[in-house]
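**Q** Sequence and predicted structure, then a few things I'm wondering about:
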Amino acid sequence: MANCFHGLKSFGAQAPYRWIRSQCLSSLSILGGVYAAPETNRLVASGQTRGMRTNSTAGVEIKRLPFSRVSQRDLAFFEKALPGRTITDPDVLASSNVDWLKSVRGSSELLLRPQTTEDVSQILRYCNERRLAVNPQGGNTGLVGGSVPVFDEIILSTSLMNRVLHFDQVSGILTCQAGCVLENLSSYVEERDFIMPLDLGAKGSCQIGGNVATNAGGLRLLRHGSLRGTVLGLEVVLADGKVLNCLTSLRKDNTGYDLKQLFIGSEGTLGVITAVSILCPRKPKAVNVAFLGCSSFQQLLKTFHCCRGMLGEILSAFEFLDGACMRLLEKHLKLNNPIRESPFYIVIETAGSNASHDEEKLHHFLQEVMTLSLVTDGTVATEDAKIKALWALRERITEGLTHDGYTYKYDISLPVEKIYQLVEDMREHLGDKAKNVVGYGHVGDGNLHLNITSHSRDPDLLAAIEPYVYKWTAGCRGSISAEHGLGLKKRNYIHYSKPPEAVALMGDIKRMLDPHGILNPYKTLPDSC
Ligand SMILES: O=C(O)CC[C@@H](O)C(=O)O
Ligand SMILES: [Zn+2]
């Protein structure tokens with residue numbers, strides 16, 4: 001069977017892709033964006049004069065809400081409370097004011113770096129009394145403009161809250177501060193024979209608090225489920241500074257409402273997550289990655305069906321990318337396609353406890369899909385460097401896209417059999433208006449990443465994409481945000497995925513927990529709330 005698959009000889013190991021901000025910012029200068037001008041109370045688009053600008057992402061103007069502005073007295077308070085960690089240097093602030101995609105830019109003049117929960121509590125108590133708006137910020141790797149200020153909100157960075165508080169070797173329950181970088185946590189638990197239950201392309205920069213606040217999905221969700229299941233406890237500071245200590249480490253706790261769920265996926269609008277307790281699976285003893293080619297999406301779906309049946313409990317990921325993604329990887333990142341050119345590619349990962357058992361299962365599966373002609377070509381890796389190289393072909397697509405021009409991003413949940421139909425319909429709908437329309441994502445979770453590029457920001461193209469994409473999604477009862485959240489960019493489209501009663505209830509919850517609306521304003525909730 002192994003003969004059916006190319007070896008990996010011609011395929012050099014690539015460095016794993018990480019969303020390291022310093023690298024990415026310099027390479028993204030071609031992207032236009034949304035800029036904020038607090039003195040005009042308007043969101044402004046790049047290239048236009050300050051004071052006359054509109055939100056180019058959502059095509060609507062956003063007015064600065066009547067929050068207080070940071071005064072000298074406020075600064076004196078923060079400098080006393082956080083000596084050396086109250087930052088006003090514009091050069092340092094610059095990177096915290098812009099998102100990873102460089103598509104949203106705020107103009108905050110104050111960055112606070114708390115180290116403890118008590119620091120966060122003191123900051124929020126003060127800001128709440130003074131009606132100062134606050135933008136909680138983790139690794140700032142979000143893709144919907146949720147992690148940067150829109151106007152002059154104070155940036156509350158969790159980066160110095162980076163201590164592991166406890167790890168239970170028997171249960172695998174990790175308790176840590178919110179600012180721990182995901183990759184550091186992965187290394188920490190791997191040294192103890194466990195893994196983190198989530199894995200993202202942004203792991204080198206993103207922080208666990210931000211992951212939880214956005215309910216990040218990623219590459220292992222198929223196997224380990226969402227953070228709504230693996231997060232066991234949270235410590236959260238509420239808008240008035242009160243500390244909500246729900247940092248329990250229990251698998252089972254049915255004592256009434258599961259309050260932590262309110263904060264998971266709330267994008268910092270209901271409270272600031274300061275610590276997380278999370279259940280880590282055991283580190284698998286054997287990992288295999290197969291990279292396969294398919295001639296149609298129908299064949300890919302059949303391969304998925306067969307894969308679930310034949311790999312069962314050892315299947316840990318089933319991801320896909322289309323031929324257009326591969327061309328971008330080759331062109332912009334010089335990555336090599338390890339197999340014959342195909343319309344679709346699949347990345348399958350197995351993770352188990354017995355190498356020979358897993359390999360046998362994988363080989364039977366591969367034999368089956370080749371015999372049935374569901375898969376036309378493929379390669380398998382068992383060594384770490386080669387596994388990373390194959391994963392790079394999936395994980396680095398986001399990076400590749402940033403080199404292709406301005407990118408319109410859609411993160412859609414659909415019944416799995418529909419996910420590629422949207423890409424095809426969008427291609428037909430846009431004709432030659434777009435530079436590239438690509439589809440990739442998490443087949444196992446029914447999550448499509450539809451990305452559309454153009455040479456530069458193009459309002460006509462945007463008008464052709466939206467609301468078409470949202471209507472199409474709503475027509476299938478899908479979600480307009482599967483895993484990236486709503487942030488600033490998608491919040492006003494929430495109605496395509498949630499009934500009005502649910503949206504209104506979200507507004508009520510927000511007002512109850514944050515009556516002055518100081519926490520991450522302009523995010524998640526639509527204008528109508
Ligand atoms: O860039 C995107 O649209 C998707 C990013 C991320 O969620 C992924 O799965 O690679
Ligand atoms: Zn994704």
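**A** Happy to help now that I have it. Keep in mind that this is a model prediction, so the values were computed, not measured. Ligands and ions are numbered 1, 2, ... in the order given.

**Q** Residues of the chain that sit close to ligand 1?
**A** 143, 201, 398, 409, 411, 449, 451 (CB under 6 Å from any ligand atom). C-beta here means a position set from N, CA and C on the backbone, and glycine is covered the same way.

**Q** which one is the first one nearest to, not counting chain neighbours?
**A** Spelled out, it's Leu143. Spatial nearest neighbour of Leu143, chain neighbours left out: His484 (5.0 Å); criterion: CB to CB, 6 or more residues apart in numbering.

**Q** so the one you found is in which element?
**A** His484 is part of no helix or strand when elements are defined by DSSP states H and E.

**Q** Can you report phi and psi for it?
**A** phi -90, psi -10 (degrees, to the nearest 10).

**Q** returning to that earlier point: list only those of the residues of the chain next to ligand 1 flagged as buried.
**A** Among these, those buried by neighbour count (16 or more other CB atoms under 10 Å) are 143, 201, 398, 409, 411, 449, 451.

**Q** I'd like the residues you listed laid out as JSON lines, including secondary structure and pLDDT.
**A** Compiled in JSON lines, those are given as follows (DSSP: H, G, I helix; E, B strand; the rest coil; pLDDT from 0 to 100):
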{"residue": "Leu143", "secondary structure": "coil", "pLDDT": "97"}
{"residue": "Gly201", "secondary structure": "coil", "pLDDT": "91"}
{"residue": "Thr398", "secondary structure": "helix", "pLDDT": "97"}
{"residue": "Lys409", "secondary structure": "strand", "pLDDT": "97"}
{"residue": "Asp411", "secondary structure": "strand", "pLDDT": "98"}
{"residue": "His449", "secondary structure": "strand", "pLDDT": "98"}
{"residue": "Asn451", "secondary structure": "strand", "pLDDT": "98"}
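
**Q** for the residue nearest to Leu143, what are its contacts?
**A** With contact taken as CB atoms under 8 Å, 6 or more residues apart in numbering, His484 is in contact with 142-144, 214, 409, 411, 490.

**Q** re the thing from before, for Gly293, state which of the residues of the chain next to ligand 1 is nearest.
**A** His449 (19.5 Å; CB to CB).

**Q** Skipping its backbone neighbours, what lies nearest that closest one in space?
**A** His449 sits nearest to Gly441 (CB to CB, 6+ apart), 4.3 Å away.

**Q** repeat for Glu395
**A** Glu395's closest residue in space is Gly201 (CB to CB, 6+ apart), at 4.2 Å.

**Q** Could I get the contacting residues of Met506?
**A** Met506 neighbours (CB under 8 Å, 6+ apart): 498, 524-525, 529.

**Q** And those residues, which is closest to ligand 1?
**A** Thr524 (17.9 Å; CB to the nearest ligand atom).

**Q** The closest one and Ser147 touch, don't they?
**A** No: applying CB atoms under 8 Å, one finds Thr524 not in contact with Ser147, separated by 11.8 Å.

**Q** So for the two, which residue has more residues nearby?
**A** When Thr524 and Ser147 are compared for neighbours, Ser147 comes out ahead with 30 against 26, by other CB atoms under 10 Å.

**Q** For that one, which residues are in contact?
**A** Neighbours of Ser147 in contact, by CB under 8 Å, 6+ apart: 99, 135, 137-141, 210, 268, 487.

**Q** 10 Å instead, please
**A** 96, 99-100, 104, 135-141, 155, 206, 210, 213-214, 267-268, 485, 487-488, 520, 523 (CB atoms under 10 Å, 6 or more residues apart in numbering).

**Q** Now for the residue of the stretch 1-150 of the chain found nearest ligand 1: which residues touch it?
**A** Nearest residue of the stretch 1-150 of the chain to ligand 1, counting by CB to the nearest ligand atom: Leu143, 5.8 Å away. Contacts for Leu143 (CB under 10 Å, 6+ apart) come out as 19, 99-101, 103, 202, 214, 398, 407, 409, 411, 449, 481, 483-485, 487, 489-490.

**Q** And Asn436, by the same measure?
**A** Asn436 neighbours (CB under 10 Å, 6+ apart): 324-325, 327-328, 401, 404-405, 407, 427, 451-454.

**Q** same thing but 6 Å
**A** Neighbour list for Asn436: 324, 404, 453 [criterion: CB atoms under 6 Å, 6 or more residues apart in numbering].

**Q** Look up how far Val423 lies from it.
**A** Using CB to CB, to the nearest Å, Asn436 is found at 11 Å from Val423.

**Q** What of Gln367?
**A** From Gln367 to Val423 the distance is 30 Å (CB to CB).

**Q** just Ala463 next, same as before
**A** Ala463 is 19 Å from Val423, where distance means CB to CB.

**Q** between those two, which one's more packed in?
**A** Val423 (24 against 12).

**Q** OK, contacts around the residue of the stretch 301-450 of the chain found nearest ligand 1?
**A** Here the stretch 301-450 of the chain gets closest to ligand 1 at one residue, Thr398, 3.4 Å apart by CB to the nearest ligand atom. Residues in contact with Thr398 (CB under 6 Å, 6+ apart) are Gly201.

**Q** and the next element down the chain from the longest helix seen in the chain?
**A** For the chain, the helix with the greatest residue count under DSSP state H is helix 355-371. The helix or strand immediately downstream of helix 355-371 is strand 377-381, counting by DSSP H and E.

**Q** now the angle between helix 355-371 and that following strand, please.
**A** Between the axes of strand 377-381 and helix 355-371, defined by axes from the mean of the first three to the mean of the last three CA atoms, to 10 degrees, the angle is 170 degrees.

**Q** Backbone dihedrals for the closest residue in space to Leu329 that isn't next to it in sequence, please?
**A** What sits nearest to Leu329 in space, not counting adjacent residues and going by CB to CB, 6+ apart, is Leu335, at 4.4 Å. Dihedral angles of Leu335 (phi, psi; degrees, to the nearest 10) stand at phi -80, psi 150.

**Q** Could you report the pLDDT at Leu335?
**A** On the pLDDT scale, Leu335 is placed at 98.

**Q** likewise Glu61?
**A** 79.

**Q** Ok, Ser10 next?
**A** So Ser10 comes in at 27 (pLDDT).

**Q** pLDDT below threshold where in the chain?
**A** For the chain, applying pLDDT under 70 flags the ranges 1-60.

**Q** and if we set it to 50?
**A** Within the chain, the segments meeting pLDDT under 50 span 1-58.

**Q** Can you give me the domain boundaries for it?
**A** Structural domains assigned to the chain are 2-20+284-398, 65-283+499-529, 404-497, following automatic domain parsing.
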